[in-house]
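1. Coordinates for the following, if possible.
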Amino acid sequence: MNAMMRTLLKAPGVSKFLGERLLTLYVVGRKSGKVFEVPVAYTKHDGNLLVGSPFAWGKNLRSGEPIDIQLAGRRRTADVRVVSDEAGVIELYGVIAADNKNFASFNHIDFTADGSPDPDDLRRAFDGGARVFVLTPR
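-> Numbering: from 1, shown residues only. Next up, the predicted model:
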C-alpha cells in the first residue's frame, strides 16, 4: 500500500470512512528487527478481528506475542493467535470470505449455489500457505 493510504488510515476522521474494513499491522521482522506497516482487511468475529493471508510477513507473527495495530485512527496493542492447522484455516477463511467478497475474490474463493464459500477453494488457499491471525485488541 502506498504512503498516502497509510497516512489516511492514521487520520481519525478519515480512517473511519476508508478503514471500515482495514487496519494496519506493525510487523517486526524476526531477522532485521525492522518495523513494517502492513495494511490488511479484517473481519469482526466473536469479539476478535480476523486477518487472513498467505504472505510471508505472517511468519513474523507468533501466538501469544502482542502486536501493535492501527484501528479506526488509533494505535493500540493486540494479542495474536495464529491459526495454521488445516481445519482452523479452512473454517476461518470461510468466515472471512463470507463477510468480505473482495477478500474472497483476491484469494480466488468462489461461492456454492447456496452462497457458502467453496470448500475446494478454501482448501486450495490453505495449500497455498494461507493462515489466519486472530487479533484481540486490548
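
2. Could you use CA atoms for every contact and neighbour count after this?
-> Fine.

3. Summarise which helices and strands the longest helix anywhere in the chain is packed against.
-> Taking DSSP state H as the criterion, the chain has its longest helix at helix 86-99. Packing partners of helix 86-99 (3 or more C-alpha pairs under 8 Å, 6 or more residues apart in numbering; DSSP states H and E): strand 48-53, helix 101-106, helix 119-127, strand 131-137.

4. angle of the third one against strand 131-137?
-> Helix 119-127 and strand 131-137 meet at an angle of 80 degrees, taking axes from the mean of the first three to the mean of the last three C-alpha atoms, to 10 degrees as the criterion.

5. Restrict helix 119-127 to CA atoms and write it as CSV.
-> Written as CSV, here are the backbone C-alpha positions of helix 119-127 (Å, rounded to 0.1, in the frame of the first residue of the first chain):
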residue,chain,number,x,y,z
PRO,A,119,-14.7,-25.8,0.3
ASP,A,120,-12.3,-26.8,-2.5
ASP,A,121,-11.2,-23.2,-2.9
LEU,A,122,-10.8,-22.8,0.8
ARG,A,123,-8.6,-26.0,0.8
ARG,A,124,-6.6,-24.6,-2.1
ALA,A,125,-6.0,-21.4,-0.1
PHE,A,126,-4.7,-23.5,2.8
ASP,A,127,-2.5,-25.5,0.4
